[in-house]
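Asker: the following block contains a protein sequence and its predicted model.
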There are 2 protein chains.
Amino acid sequence: MPEIKFMPDDRIIQVEIGTSLLTAAAQAEIFIKSGCGGKGTCGACKVVVLNGEPQVIGTGNLTPEQLAKGVRLACQTIVQGDLTIEVPPESRLQEHQVLLGDSQKGLLRESEHDLLEKFGHHPLATKQRIVLSAPTLTENTNDWARLHMELRRVLKAGDKPIHIPLSVLQHLPEILRKANWDVSVTLTDLESGFMVTNVEAGNDNPLFGLAIDIGTTTVVVYLIELSSGQIVDQQGSYNKQARYGDDVISRIVFAVENAENLQEIRQAVLETINDLLDKLLSRHSNSPKDIASAVVAGNTTMTQLFLGVDPKYIRLEPYIPTMSTVPFVTARDAGMHMLPEALVHCYPSVASYVGGDIVAGTLVTDLANEEDITLFIDIGTNGEIVLGNQDWLVSCACSAGPSFEGGGITFGMRAMPGAIERVVIDPDTLDVSLKVIGKCLPVGICGSGLVDCVAKLLIVGIIDRAGNFQLGHSSGSERLRATADDKEFVLAWAHQAGGKKDVVITENDVKNIIRAKGAVYAGIRSLLNMVAVDIEMISRIVIAGGFGNYLNVHDSIQIGLLPDLEPERFEFIGNSSVKGARLALLSQAAWREAEELGRKMTYVELSVGATFMDEYVSALFLPHTDLSLFPSCH
Amino acid sequence: MPEIKFMPDDRIIQVEIGTSLLTAAAQAEIFIKSGCGGKGTCGACKVVVLNGEPQVIGTGNLTPEQLAKGVRLACQTIVQGDLTIEVPPESRLQEHQVLLGDSQKGLLRESEHDLLEKFGHHPLATKQRIVLSAPTLTENTNDWARLHMELRRVLKAGDKPIHIPLSVLQHLPEILRKANWDVSVTLTDLESGFMVTNVEAGNDNPLFGLAIDIGTTTVVVYLIELSSGQIVDQQGSYNKQARYGDDVISRIVFAVENAENLQEIRQAVLETINDLLDKLLSRHSNSPKDIASAVVAGNTTMTQLFLGVDPKYIRLEPYIPTMSTVPFVTARDAGMHMLPEALVHCYPSVASYVGGDIVAGTLVTDLANEEDITLFIDIGTNGEIVLGNQDWLVSCACSAGPSFEGGGITFGMRAMPGAIERVVIDPDTLDVSLKVIGKCLPVGICGSGLVDCVAKLLIVGIIDRAGNFQLGHSSGSERLRATADDKEFVLAWAHQAGGKKDVVITENDVKNIIRAKGAVYAGIRSLLNMVAVDIEMISRIVIAGGFGNYLNVHDSIQIGLLPDLEPERFEFIGNSSVKGARLALLSQAAWREAEELGRKMTYVELSVGATFMDEYVSALFLPHTDLSLFPSCH
């Protein structure tokens, strides 16, 4: 097989002839951006062919100069023989972009700890030491009945059935006798009964579980010691499905092409999880057999792809997912490197665009157990919104587009070193001072920086309330200028940015941000209208998501992204999806509530009726058409 | 790979170098006797090498003359290259030895039909036609919830959960839409909930199930149309495990040698079943997907080997089986050519030597629902005995040895053409007239013939009550004679038998039969003593098993095999194991009762205490030491 060498990593792998460089790179664990999912249209996957003669099936928008320099689109370049390839930094997804949430090794954070106390620490999987009397000719009960009776006594199982799978039964006689009738039994406690997942020689070794957040972009796995609740370690990486496209839609488009594609994209996320898992296992000298339980939270598409469930109709009107509650699957059937009969619990989804990650977050907010009304928002490409209290629960999803994650913005980027996160503009001179992540030279601007920037542009009068640039600004600053087809404001001059281009924000960028924030705010308003709740009645707004974590509440209110309420009512919760997975892993009651939440949350389809569109149009101003909604912005 | 040609079948197969001829023959579907399970000791697997040079690793008791003629033991002869092999008739298991039980195509026999009426015809698997409304933006319930709600209504499921396995869920969205929301759902009704096993486009095609009897010697599969209860067809063959030995002990010895052996012997019975199934399917143009349910009945060893459950401790004191109730396994996990998610129900066993076949038989006798006491006996290599009524149920097993199946008897053979089944002896001249199965020349004597023969030998005074031959019989017949190491009676002269040897019964044969009948009778007596039931209190004796089917009650009482009761109290039930499988397949209630029987039947280990040995010694006379037990034999 041909050898492909990736530079400057100096990593060499062998791939089949006919493999695209995009796929080859992923196999080499070098992650290349691929916004369009390998269609050759987005131009994000540029690489340089240093040596060798690949087949080029498309060049997209590459210029003759680029082509002359050996630049190719990785997705359109096919291996025919040995190659040496350079992957420039701008084409790479960066490892440090992977946000691991905010929990560090050690005990759960206080709030999570409190929740666990409340639900009760009773993990989904437990281990019981069982010592049996040996059978005799007169006391000749069969092996499983002997074990079953003692288990029933120890578990105080009452009428609840205790099941044993065939694969465990097959080796039971030898295990019982080799262990001299002193065994450790691993069980999962399901509502429908206990399930024995392992029987081994009696020991007091700890039992582990996994809390897994399958994000569209990143996957995070936590290794947790079940009886103490201790987080042993965590590991995160890009979702290997990225090579099929950045967003769920491109992934679905790929997956539904044929049965092989669905298997391929399913395997990609399984590989991602298993690689993370293997790293955790080897780092802590654990065997897959020590891992007795897993809870997975992900959006509806991620969950269906993880399970190999046809995702086709998620993206076709009327947007119907296949299931809410997910049947328990064994690690063996799921394809995970764990105890084969261990159960993998997937968080239920509510609708095609309100998934298990949101149900997990809702559980962590504990809003369904409070008298007061809470608004829970997860802001990313989609804004998912949940509103409710102990009596009722509604949810919706609105498409904010990729702007908050840096997509569709001239200098947009994710929150990583080089990203502008805060902007200060002198109202007279329009001079700018910036706060850049990693304290390095500014390369671009991330979501929270964009929110801040738009708020500041408005305050100093560079833009009006509709987002139109005011070229006649009294300062006469050179930073405010017109280009051939747009207007822009220079945040950093090329020489300050260490690049060849000035870092700017354009009128078009601002309009994109306005549309994004308008969609989220319109979603909130629509949901409030639906249940006739006034903004003031919301006692708590909980914001989740990597982007949300860094959001400035004041700026967000100024541009009309978030409702105009006192800052004390806002809380940030970080990666609530993985928090929910951890909680359910450690608490039967939490898992039962998660299932209940999945069933009882009402989903409101915003595309039905005129409410959302009316709200959206009204929200396309800064902060809003109706200024009475934003009293603090006068 | 070397080619092996089997003659006179003229069948050619390719096998790996190193394969034994015994295995090669089985692969060619030529079944060679192998009493010792391939150890080279029984000498039953003689073949003639006509061409080629195999490796010979043992010659057992073959004479130099036989060796000179190319005779070899198939189990001790290893393929090194191309061979031509003759398999003589006497080395073959004969196809017509396979007894299929007594049910013919068409409706169940009256008695079974009555039982089905009583339990209620409600098959384990059913198919429901479900027509759903299509989802809309406002009525956006997910696919499974939509189907689930309608199923719950149609099934009147109440609180009973309805489960769907992942593999069905994976394709659900496309199936629902391609079928335009009109689908047929196949379900299995379990105590713990309904299990969806298939969803397909709406149709009214019939659904089928399998009733399977896994005997140590033969396997029988019935194809049954579930909604009508009609037996569509049946197919039987030798259990391919025969190449690992005739009896359960040799099979266990082979299976426990290593993990590969257990898999190999498991595959052998799976192949047997799947071959039978494939024949039934192709004969009736069915697809494996039409087969939605299976019920399997077999003895404890056969059940554990079918499921790949380690059988080691079945044969080691204190003889503990792995389980009684068998977890439901999917056809996929069981390895059967059926609907992959269809459930395979195995009859529960009671003890290592009272298995699912006996529980099935007990169900068919309906003894646990009657006030009067019934004795149920299955006579074969083991005699399994069940005694009880609606209030109590005890069982035991006694080793009768192979005599009743022709084993260990000089001219013993199974009930097949050429077997003597009735003997008439002139009390004065000792002249003999015989009834031979198939009305052909006598080749040997089968179990029912042996019972009859011993009774007649006693009546005419050739043997005394201890089974000793009376050489000084008044007739002075040449038929009664001493040999070098035994005494014998000639049943057929060589010229009458068309062979080179006289067909005889020896004193040793008679003693073997006495030991066999003594064991069965002692088992019956021990069980009666245990529960303080007098023989006269037994209102019904039900006899099962292929051998039992042809048994003459009068003869059996004369030799003391069966209790001395009026002939009207005896019933013959044939292959009660497969009857029980059919019944459970067609009736939920019957299956529940089968599970209940498995739990409530008490097993008595006869090797504990002196009772059985005392009874056994007393039973080593014809009919018994205590003649008061056999008033009709005076």
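Answerer: Thanks, I have it.

Asker: alpha carbons only for contacts and neighbour counts from here, please
Answerer: Fine.

Asker: now whichever residue of the stretch 101-250 of chain A sits closest to chain B: closest residue in space, sequence neighbours ignored.
Answerer: Of all residues in the stretch 101-250 of chain A, residue A:170 sits closest to chain B, at 3.8 Å by Cα to the nearest Cα. Counting by Cα to Cα, 6 or more residues apart in numbering or on different chains, residue B:309 is the residue found nearest to residue A:170 once chain neighbours are left out, at 3.8 Å.

Asker: residues touching the residue of the stretch 101-250 of chain A closest to chain B, list them.
Answerer: Shown in contact with residue A:170 (Cα atoms under 8 Å, 6 or more residues apart in numbering or on different chains): B:307, B:308, B:309, B:310.

Asker: the helices in the stretch 451-600 of chain A, which residues?
Answerer: Ranges of helices in the stretch 451-600 of chain A, per DSSP state H, counting those that start in this stretch, are A:494-497, A:507-530, A:553-558, A:576-586, A:588-600.

Asker: ranking the ones you listed by burial, who's on top?
Answerer: Comparing the helices of the stretch 451-600 of chain A by mean neighbour count (mean count of other Cα atoms under 10 Å in any protein chain shown), helix A:576-586 ranks first with a mean of 30.

Asker: tell me where the stretch 401-550 of chain A is predicted with low confidence.
Answerer: Within the stretch 401-550 of chain A, the ranges that satisfy pLDDT under 70 run A:546, A:548-549.

Asker: what's the spacing between the closest residue to chain B within it and residue A:517?
Answerer: With Cα to the nearest Cα as the measure, residue A:530 is the residue of the stretch 401-550 of chain A nearest to chain B, at 13.7 Å. Using Cα to Cα, to the nearest Å, we find residue A:530 at a distance of 20 Å from residue A:517.

Asker: what sits up against stretch A:153-160?
Answerer: Here stretch A:153-160 makes contact (Cα under 8 Å, 6+ apart) with A:151, A:152, A:192, A:193, A:194.

Asker: could you tell me the end-to-end distance of stretch A:63-71?
Answerer: End to end - Cα to Cα - stretch A:63-71 spans 9 Å.

Asker: now it, how far from the centre of its chain.
Answerer: 36 Å (Cα atoms, centre = their mean, to the nearest Å).

Asker: cool, stretch A:281-288 as well?
Answerer: In terms of Cα atoms, centre = their mean, the centre of stretch A:281-288 is set 25 Å apart from its chain centre.

Asker: give the buried residues for it.
Answerer: A:281, A:288 (16 or more other Cα atoms under 10 Å in any protein chain shown).

Asker: quick one: the helices in the stretch 301-450 of chain A, in order.
Answerer: A:331-334, A:356-365, A:447-459.

Asker: residue A:205 - how many residues pack around it?
Answerer: Burial measure for residue A:205: 9 neighbouring residues, criterion other Cα atoms under 10 Å in any protein chain shown.

Asker: hang on, I meant residue A:9
Answerer: Neighbour count of residue A:9, defined by other Cα under 10 Å: 12.

Asker: name the element it belongs to?
Answerer: Using DSSP states H and E, residue A:9 falls within no helix or strand.

Asker: which positions in the stretch 201-350 of chain A make contact with chain B?
Answerer: Taking Cα under 8 Å from any Cα of the partner chain as the contact definition, the stretch 201-350 of chain A meets chain B at A:307-310, A:312-313, A:317-324, A:327, A:329.

Asker: sort these by pLDDT and name the bottom one.
Answerer: Across the set of those, residue A:327 stands lowest in pLDDT, at 89.

Asker: gap between the spatially most central residue of chain A and residue B:472?
Answerer: Taking Cα atoms, centre = their mean as the criterion, residue A:215 is the residue nearest the geometric centre of chain A, at 2.5 Å. Look at residue A:215 and residue B:472: by Cα to Cα, they are 97 Å apart.

Asker: name the nearest residue to residue A:437, sequence neighbours excluded.
Answerer: Excluding its sequence neighbours, the residue lying closest to residue A:437 (Cα to Cα, 6+ apart) is residue A:417, at 4.7 Å.

Asker: contact partners for that neighbour?
Answerer: Contact analysis of residue A:417 by Cα under 8 Å, 6+ apart lists A:436, A:437, A:438, A:439, A:440.

Asker: same thing but 7 Å
Answerer: A:437, A:438, A:440 (Cα atoms under 7 Å, 6 or more residues apart in numbering or on different chains).

Asker: burial measure for the first one, as a count.
Answerer: Other residues near residue A:437 number 19, with proximity taken as other Cα under 10 Å.

Asker: so it touches residue A:422, yeah?
Answerer: No - Residue A:437 lies out of contact with residue A:422 (Cα atoms under 7 Å); the separation is 9.2 Å.

Asker: and the residue nearest to residue A:437, how close does it get to residue A:444?
Answerer: 10 Å.

Asker: same question for residue A:182.
Answerer: Counting by Cα to Cα - residue A:182 and residue A:444 are separated by 63 Å.

Asker: more neighbours: those two, which one.
Answerer: residue A:444 (29 against 20).

Asker: measure stretch A:423-432 end to end?
Answerer: Terminal residues of stretch A:423-432 are spaced 7 Å apart (Cα to Cα).

Asker: while we're on the residue lying closest to residue A:339 once chain neighbours are set aside, how confident is the model there?
Answerer: Using Cα to Cα, 6+ apart and skipping residues adjacent in sequence, the residue nearest residue A:339 is residue A:289, 4.2 Å away. pLDDT, residue A:289: 95.

Asker: just checking, residue A:289 touches residue A:338?
Answerer: Yes - at 5.6 Å, residue A:289 and residue A:338 qualify as touching, with contact defined as Cα under 7 Å.

Asker: out of the helices of the stretch 451-600 of chain A, which is closest to residue B:27?
Answerer: Nearest of the helices of the stretch 451-600 of chain A to residue B:27, taken as Cα to Cα: helix A:576-586 at 50.4 Å.

Asker: tell me which residues in the helix or strand of chain A with the lowest mean pLDDT are buried?
Answerer: Each helix and strand of chain A was given a mean pLDDT (mean pLDDT, DSSP states H and E); the minimum falls on helix A:21-27 at a mean of 82. For helix A:21-27, the neighbour count (16+ other Cα under 10 Å) marks A:21, A:22, A:23, A:24, A:25, A:26 as buried.

Asker: what's the answer for stretch A:114-128, then?
Answerer: Buried, per 16+ other Cα under 10 Å, within stretch A:114-128: A:115, A:116, A:119, A:121, A:122, A:123, A:124, A:125, A:126, A:127, A:128.

Asker: ok, the fourth one - contacts?
Answerer: Residue A:121 makes contact with A:586, A:587, according to Cα under 7 Å, 6+ apart.

Asker: any idea how far residue A:422 is from it?
Answerer: 41 Å.

Asker: and for the last one?
Answerer: Between residue A:128 and residue A:422 the distance is 54 Å, computed by Cα to Cα.

Asker: residue A:431 and residue A:423 touch, don't they?
Answerer: No - checked against Cα under 7 Å, the pair residue A:431 and residue A:423 is beyond contact range at 10.3 Å.

Asker: got a list of contacts for stretch A:261-273?
Answerer: Identification of contacts with stretch A:261-273 by Cα under 7 Å, 6+ apart yields A:239, A:240, A:241, A:254, A:255, A:256, A:305, A:306, A:308, A:335, A:336.

Asker: next SSE after the helix or strand containing the fourth one?
Answerer: With the criterion set as DSSP H and E, the secondary-structure element containing residue A:254 is helix A:248-255. Heading C-terminal from helix A:248-255, the first helix or strand you meet, by DSSP H and E, is helix A:259-283.
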